[in-house]
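**Q** Provided below are the primary sequence and the corresponding predicted coordinates.
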Amino acid sequence: QVQLVDSGGGSVQPGGSLNLSCVASGNIYSTYCMGWFRQAPEKEREGVASIYTQSGRTFYRNSVKGRFTISLDDAKTTLYLQLDNLKPEETAMYYCAAGDIPACNTNWGQGTTVTVSS
């Protein structure tokens, strides 16, 4: 079991930036993939970005490519998501997750709220 605590959300104007963090603890050595998901009000949860913990290979949903960057520290205990040029439609609860390839979602953080509004 892996415990995840995510943070870093907030309110920004369109075009603004945020940096989300997720600290992992527990049996992190059984984790091969970590990722970020988001769920907007009245919408289904969707994957945003993921990273394979061994190879460092990254994946992004098309709509965030070039604006979001996922990264993992060398100890593989802290996952980051840099969000740049945010759009109002990206207002959502953002969750970090960890698990097996390719789903990356066996364990979940509690979520952190991102609000993009003028």
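**A** Arrived safely.
**Q** so what's the closest residue to residue 35 other than its chain neighbours up against?
**A** Distances taken as Cβ to Cβ, 6 or more residues apart in numbering place residue 50 nearest to residue 35, at 3.3 Å, with adjacent residues excluded. C-beta: built from backbone N, CA, C; applies to glycine. Taking Cβ atoms under 8 Å, 6 or more residues apart in numbering, we find residue 50 in contact with 33-36, 58-59, 70, 102, 104.
**Q** could you rerun that using 10 Å?
**A** The contact partners of residue 50, by Cβ atoms under 10 Å, 6 or more residues apart in numbering, come to 33-37, 57-61, 70, 79, 97-99, 101-105.
**Q** show the buried residues in the residues you listed.
**A** With neighbours counted by 16 or more other Cβ atoms under 10 Å, these contain buried members at 33-37, 59-60, 70, 79, 97-99, 104-105.
**Q** can you lay out those residues as CSV showing secondary structure, distance to residue 18 and pLDDT?
**A** Listed next are the buried ones among the contacts of residue 50 as CSV, based on DSSP: H, G, I helix; E, B strand; the rest coil; distance: Cβ to Cβ, whole Å; pLDDT from 0 to 100:
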residue, secondary structure, distance to residue 18, pLDDT
33, strand, 23, 95
34, strand, 18, 96
35, strand, 17, 97
36, strand, 12, 98
37, strand, 16, 98
59, strand, 20, 97
60, strand, 16, 98
70, strand, 13, 98
79, strand, 14, 97
97, strand, 18, 97
98, strand, 21, 95
99, strand, 24, 92
104, coil, 21, 91
105, coil, 22, 90
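**Q** helix or strand: which one has the residue nearest to residue 35?
**A** Under the criterion of DSSP states H and E, residue 50 resides in strand 46-52.
**Q** just the CA trace of that strand, in CSV.
**A** What follows is strand 46-52, C-alpha atoms only, in CSV (Å, rounded to 0.1, in the frame of the first residue of the first chain):
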residue,chain,number,x,y,z
GLU,A,46,-9.7,11.9,-16.6
GLY,A,47,-6.0,11.2,-16.8
VAL,A,48,-3.7,14.2,-17.3
ALA,A,49,-0.2,12.9,-17.2
SER,A,50,1.8,9.9,-16.0
ILE,A,51,5.4,8.8,-15.6
TYR,A,52,6.9,5.4,-15.4
